[in-house]
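In: just need the structure, nothing else, for what follows:
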Amino acid sequence: MIDSAGVFSTEEIPVASALAEIRMGGCDPDYHFLFARDLDKNLLGYTCYGPIPLTEHRYNLYWVLVNPQARGLGLGRELMAETERSIREAGGQHIYVETPGTDVYLDARRFYRHHGFTEFAICKDFYRNGEDKILFRKELGA
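Out: Residues are numbered from 1 along each chain as shown. Reported below is the predicted structural model:
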């Protein structure tokens with residue numbers, strides 16, 4: 001599913017896969033996952049998030065992924081709502097997310113903006129020359 005998303009670089013795919021496998025194996029409490037499955041238990045999407053070390057009540061949203069065949073059904077919206085609820089229940093007050101500034105990630109940036117995230121910083125040439133990092137933030141209400 002990660003590979004078929006069509007946005008992750010060759011470097012990102014094994015990282016996303018490894019984190020999911022580690023968590024499904026019951027390890028690494030710093031990475032939390034919410035999984036969405038169909039009635040046959042096929043994976044349709046997931047989010048990966050966790051508390052930011054050395055901060056108070058701040059969380060990173062590392063990944064939001066929906067199977068290409070399940071897009072347009074509101075699954076991303078449901079995953080985000082559940083992720084935010086889970087973070088809020090854990091005492092989280094702010095969520096941070098980053099994306100590359102390339103055109104491949106235009107839909108991701110639209111998704112975050114649509115869900116109340118605001119862009120607050122651009123790190124020029126962060127990933128490589130010509131590839132910026134764009135940072136978003138969302139304050140969670142009570």
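
In: just the helices from the chain, written as ranges.
Out: Secondary structure of the chain, counting by DSSP state H: helices at 12-24, 75-89, 106-114.

In: pull the number of nearby residues for Cys124.
Out: Residue 124: Lys, not Cys. Using other C-beta atoms under 10 Å, Lys124 has 10 neighbouring residues. Using the backbone N, CA and C atoms, a C-beta is placed for each residue, glycine as well.

In: please apply the same query to Gly50.
Out: Counted by other C-beta under 10 Å, the residues lying close to Gly50 total 20.

In: ok, Lys41 next?
Out: Neighbour number of Lys41 under other C-beta under 10 Å is 7.

In: pLDDT wise, what is it at?
Out: According to the prediction, Lys41 has pLDDT 87.

In: now the closest residue to Val64 other than its chain neighbours, which residues is it bridged with?
Out: In space, and not counting its chain neighbours, Val64 is closest to Thr47: 5.2 Å by C-beta to C-beta, 6 or more residues apart in numbering. Beta-bridge pairing for Thr47 (DSSP bridges): Leu34, Val64.

In: model confidence over the longest strand along the chain, on average?
Out: Determined from DSSP state E, the single longest strand within the chain is strand 118-128. Strand 118-128 comes out with an average pLDDT of 97.

In: ok and that strand relative to helix 106-114, angle-wise?
Out: 150 degrees (axes from the mean of the first three to the mean of the last three C-alpha atoms, to 10 degrees).

In: circling back: thought the residue nearest to Val64 was touching Thr83?
Out: Yes - counting by C-beta atoms under 8 Å, Thr47 touches Thr83, with 4.5 Å between them.

In: middle-most residue in the protein, spatially?
Out: Trp63 (2.5 Å; C-alpha atoms, centre = their mean).

In: ranking the helices of the chain by mean pLDDT, which is last?
Out: Comparing mean pLDDT across the helices of the chain, the lowest value falls on helix 12-24: a mean of 59.

In: direction included, what does the longest strand of the chain pair up with?
Out: strand 131-139 (antiparallel).

In: got the buried residues for the strand it pairs with?
Out: 132, 134-138 (16 or more other C-beta atoms under 10 Å).
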